[in-house]
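Asker: Make a model of this:
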Amino acid sequence: MLASLAQRSSLLQHALLAVLATGLALGWTPEAFAYRPFDGTDAAVADPGEVEVELQPAGAQWSREQNLLIAPAVVFNYGFLENWEAILEGQLQTPFSPSGPTNLAVSGASLKHIIRPGSLQDQTGPSIATEFGVLLPESNGDNRFGATIDAIVSQRWDWGTVHVNNAVELTRDQKGDVFTDLIIEGPSKWVVRPVAEFFYEEEFGRAHTLSGLVGAIWQVNDKLSFDVGFRHAITNGSNVNEIRAGLTVGFVTPFGKPNHKR
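Answerer: I've put the predicted structure just below:
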């Protein structure tokens, strides 16, 4: 069993690196908008045949109980049909105080579907989407699967953009979890726009978390953007702090060409 988990972890790590390498080789997309550094998401998907890679080369999380190096964290988004996107994500976590083995965690595979095209698709009214999928086993932790489903509403105005997420989850240790999230972004036309996120999460019988994040997204051009964020959370009365910094790049596969902004 341990050998099988180690092999699975190694394969996923190589797959995540291969995704990034493939993107760099194929070239950039004309339109690529970052959607980091949030825990929630937006009611938008990649166009058919388009790939977006969200990468955090290294980040840090620290609390009274444990300090973690998160390096790397990767989200791979692929638009495979109109208004449909496939997502594969994961991150490597290495405890350094106290020290411990590296763990492939926060990994999952999901699908996102736009139920109602709206302001994020250059139409009127709110954009509405759903995302659902499975939580994958950890390499050095819980080896069970979980499941999640999320309802997402986004609205863009001249002054900024708001996204609301409401999700329910069956965790890997088979407990119920609810997550409600609010994201606020500055004007999308600004080269550097301030962002903020607030969420509450309740894992029944185990933990409850209240979290706030402030940061910024720097839109270098339509092909590349960088982000940075600082998150402070209180989990079961204990403080948790995290620094996030990364980038989002996009590219077009031979199977399609994007036709709208993310």
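Asker: What is the burial count for residue 64?
Answerer: By the measure other Cβ atoms under 10 Å, the count of residues near residue 64 is 9. From N, CA and C alone the C-beta is placed, and that goes for glycine too.
Asker: quick one: low-confidence ranges for the stretch 151-262 of the chain?
Answerer: In the predicted model of the stretch 151-262 of the chain, residues 256-262 satisfy pLDDT under 70.
Asker: which stretches of it form strands?
Answerer: 160-170, 176-185, 192-203, 207-221, 224-235, 238-252 (DSSP state E, counting those that start in this stretch).
Asker: In CSV: those strands, plus distance to residue 131 and mean neighbour count.
Answerer: Shown next, in CSV, are the strands of the stretch 151-262 of the chain (distance: least, Cβ to Cβ, whole Å; neighbours: other Cβ atoms under 10 Å):
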stretch, distance to residue 131, mean neighbour count
strand 160-170, 8, 18
strand 176-185, 12, 17
strand 192-203, 15, 17
strand 207-221, 19, 16
strand 224-235, 20, 18
strand 238-252, 17, 19
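Asker: want to throw those strands into TSV with distance to residue 46?
Answerer: What follows is the strands of the stretch 151-262 of the chain, written out as TSV (distance: least, Cβ to Cβ, whole Å):
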stretch	distance to residue 46
strand 160-170	17
strand 176-185	19
strand 192-203	20
strand 207-221	17
strand 224-235	15
strand 238-252	7
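Asker: of all those strands, which lies closest to residue 56?
Answerer: Nearest of the strands of the stretch 151-262 of the chain to residue 56, taken as Cβ to Cβ: strand 238-252 at 3.5 Å.
Asker: just the angle between that closest one and strand 224-235, please?
Answerer: Interaxial angle, strand 238-252 versus strand 224-235 (axes from the mean of the first three to the mean of the last three Cα atoms, to 10 degrees): 160 degrees.
Asker: Could you list the paired strands of strand 238-252 along with their orientation?
Answerer: strand 50-56 (antiparallel), strand 59-63 (antiparallel), strand 224-235 (antiparallel) (DSSP bridges).
Asker: Name the residues of the second one that come out as buried.
Answerer: Buried positions in strand 59-63, judged by neighbour count with 16 or more other Cβ atoms under 10 Å: 59, 61-62.
Asker: looking at the strands of the stretch 151-262 of the chain, which is closest to residue 92?
Answerer: strand 238-252 (13.8 Å).
Asker: Cheers, nothing more for now.
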